[in-house]
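**Student:** what follows is a predicted structure for the sequence shown.
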Amino acid sequence: MPRTQTCLNWGLIGASNIAKTRMIPAIRSLPDSTITAVLSSNAERAKSYAAENSIPKAYHKLDDFLQDPEIDLVYISTTNELHAAQAIAAARAGKHILSDKPLALTLADAEAMVRTAKEKGLVFGTNHHLRNAVTHRTIRRLIKEGVIGKPLAARVFHAVYLPPHLQGWRVNRPEAGGGVILDITVHDADTLHFLLDDDVQDVVARSAQQGLGQGDLADAVMGVMYFRNGTLAMFHDAFTIKHTQTGVEVHGTEGSLIAKNVMTQDPVGEVFLSRDGAISEVALGEPEDLYVHIVRHFHEAVQGRGQPFATGEDGVRSLAVGLAVQESAKTGQRVPVRYQTEEQIADGK
Ligand code: NDP
């Protein structure tokens, strides 16, 4: 059985950039939590990463890492093809799991990750950061309050330029789950689900290679997600666009919410409400670092209060949309989106 305690000790699976730049500072900003160990597939990199980031223990074998009784929680941020096996092994070793997205490369693997954690009574979260932003939380609340009436359409502008230091496996390793769809579109799917409180029924998409993607990896995609309640959502995701900001718009029967610079890792952006012929800026609550918000909620869930801000089921759902977008882009067909709820996953149906 997992331990319940006040001081939570993290182990990092993956000597990654996202852990270094976002998650280590987020974990360290919270009281009663420490980072005990890091795992890399390479012994030298494990040691140097641990030293650079003041992490006491460095491992290069998953089994040794998972046998460390001091580790209570793991954060997985390896390349995408590795998440599933690492998460399942971590669950079998009794560790709570926060996995980065996409959870896996197949729905069956993602479901197995969630199911194994549930069977062991462990908390499983997905590192979808965007829904943690005060901007998105405010938009969701306003939609729920009926401020824009029934949502009819949404537009997601999530086309960015992939910085040179990240132009590795994302653009040249299909077997690692590279490509813009599993990298960015899954975040759109989670954000839209969160904002609209609705599920995608089917998708159509067209992808392209615009200079960065190698092999068959797309570096740009546009498409439409059709939600069960009838909302149409268009999305543009890319690694190739240098000269614009991101954004989200939701247009309803009574008004529109227009959010600028909000599909980002930083706690920034503005939200405007257009209604009755006037546009006004929406007052947002205090911005909090998105990753601190993720970790804080994850800690609370581990301590028996609530659930992760994005659950395992959320990760399965966003992957289902991402895989459907990939298939639609490949076949030119409209593709239905099907995924299991947490209860169905637990039942193994
Ligand atoms: P990185 O490329 O930084 O790290 C991924 C893996 O690459 C590491 O686990 C590491 O393997 C290996 N690696 C890293 N640096 C080197 C190096 N110098 N030489 C050789 N190998 C190296 O990936 P990211 O941090 O960008 O992404 C990791 C995961 O996090 C992905 O699943 C991604 O989708 C997700 N992500 C999520 C974000 C979010 O906001 N939710 C944002 C960014 C990424 P090893 O551990 O074996 O050393």
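**Tutor:** Here it is on my side, so go on. Residues are numbered from 1 along each chain as shown.
**Student:** so the most centrally placed residue in the chain: helix, strand or coil?
**Tutor:** By C-alpha atoms, centre = their mean, the chain has its centre lying nearest to H128, at 2.4 Å. Using DSSP: H, G, I helix; E, B strand; the rest coil, the structure places H128 in coil.
**Student:** shouldn't it be in contact with H187?
**Tutor:** Yes: here H128 lies in contact with H187, judged by C-beta atoms under 8 Å, at a distance of 6.3 Å. No exception for glycine: its C-beta is placed from N, CA and C like everyone else's.
**Student:** who touches both of these two?
**Tutor:** K101, S318 (C-beta atoms under 8 Å, 6 or more residues apart in numbering).
**Student:** hmm, stretch 320-335 in reach of the ligand?
**Tutor:** No: applying C-beta under 6 Å from any ligand atom, one finds stretch 320-335 out of contact with the ligand, separated by at least 11.0 Å.
**Student:** what about K150, neighbour count?
**Tutor:** 12 (other C-beta atoms under 10 Å).
**Student:** my read: it touches V250, true?
**Tutor:** No: counting by C-beta under 8 Å, V250 is not a contact partner of K150; they are 10.7 Å apart.
**Student:** and the stretch 201-349 of the chain, which of its residues are near the ligand?
**Tutor:** So the stretch 201-349 of the chain meets the ligand at Q265 (C-beta under 6 Å from any ligand atom).
**Student:** now do the strands in the stretch 201-349 of the chain.
**Tutor:** 220-227, 232-238, 247-252, 256-260, 270-275, 278-281, 335-336 (DSSP state E, counting those that start in this stretch).
**Student:** what is the orientation angle of the second one with strand 247-252?
**Tutor:** For the pair strand 232-238 and strand 247-252, the angle between their directions (axes from the mean of the first three to the mean of the last three C-alpha atoms, to 10 degrees) equals 170 degrees.
**Student:** gap between F239 and D68?
**Tutor:** 37 Å (C-beta to C-beta, to the nearest Å).
**Student:** state the mean pLDDT of the biggest helix by length in the chain.
**Tutor:** Longest helix in the chain by number of residues (criterion: DSSP state H): helix 312-331. In this model, helix 312-331 has an average pLDDT of 98.
**Student:** what packs against it?
**Tutor:** helix 107-119, strand 124-126, helix 186-196, strand 200-208, strand 220-227, strand 335-336, helix 342-347 (3 or more C-beta pairs under 8 Å, 6 or more residues apart in numbering; DSSP states H and E).
**Student:** what about dumping the CA coordinates of it to CSV?
**Tutor:** Taking C-alpha atoms only, helix 312-331 is exported to CSV below (Å, rounded to 0.1, in the frame of the first residue of the first chain):
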residue,chain,number,x,y,z
GLY,A,312,-5.5,9.7,-15.8
GLU,A,313,-8.8,9.6,-17.6
ASP,A,314,-8.1,13.1,-18.9
GLY,A,315,-4.9,11.9,-20.3
VAL,A,316,-6.6,8.9,-22.0
ARG,A,317,-9.3,11.2,-23.4
SER,A,318,-6.8,13.7,-24.9
LEU,A,319,-4.7,10.9,-26.4
ALA,A,320,-7.8,9.4,-28.0
VAL,A,321,-8.4,12.8,-29.7
GLY,A,322,-4.8,13.1,-30.7
LEU,A,323,-4.7,9.6,-32.2
ALA,A,324,-8.0,10.3,-34.1
VAL,A,325,-6.5,13.5,-35.5
GLN,A,326,-3.4,11.6,-36.6
GLU,A,327,-5.6,9.0,-38.3
SER,A,328,-7.8,11.6,-40.0
ALA,A,329,-4.7,13.5,-41.3
LYS,A,330,-3.4,10.2,-42.7
THR,A,331,-6.6,8.9,-44.3
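**Student:** next one: that helix to chain centre, how far?
**Tutor:** Centre-to-centre, helix 312-331 and its host chain are 13 Å apart (C-alpha atoms, centre = their mean, to the nearest Å).
**Student:** just stretch 63-70 next, same as before
**Tutor:** 26 Å.
**Student:** that one vs the ligand: in contact?
**Tutor:** No: using C-beta under 6 Å from any ligand atom, stretch 63-70 never reaches the ligand; the gap is at least 10.9 Å.
**Student:** could you pull out the buried residues of that stretch?
**Tutor:** Neighbour counts over stretch 63-70 (16 or more other C-beta atoms under 10 Å) mark F65, L66, D68 as buried.
**Student:** how many residues are close by R45?
**Tutor:** Residues near R45, counting by other C-beta under 10 Å: 14.
**Student:** ok but it is inside a strand, no?
**Tutor:** No: per three-state DSSP, R45 lies outside any strand segment and is helix.
**Student:** tell me the contacts of the closest residue to it other than its chain neighbours?
**Tutor:** Spatial nearest neighbour of R45, excluding adjacent residues (C-beta to C-beta, 6 or more residues apart in numbering): A15 at 5.3 Å. Contact analysis of A15 by C-beta under 8 Å, 6+ apart lists V38, L39, S40, N42, R45, A46, Y49.
**Student:** go again using 6 Å as the cut-off
**Tutor:** A15 sits next to V38, S40, R45, Y49 when contact means C-beta atoms under 6 Å, 6 or more residues apart in numbering.
**Student:** who wins for most neighbours among these?
**Tutor:** V38 (29 neighbours).
**Student:** which strand or helix spans that one?
**Tutor:** For V38, the element it lies in under DSSP states H and E is strand 33-39.
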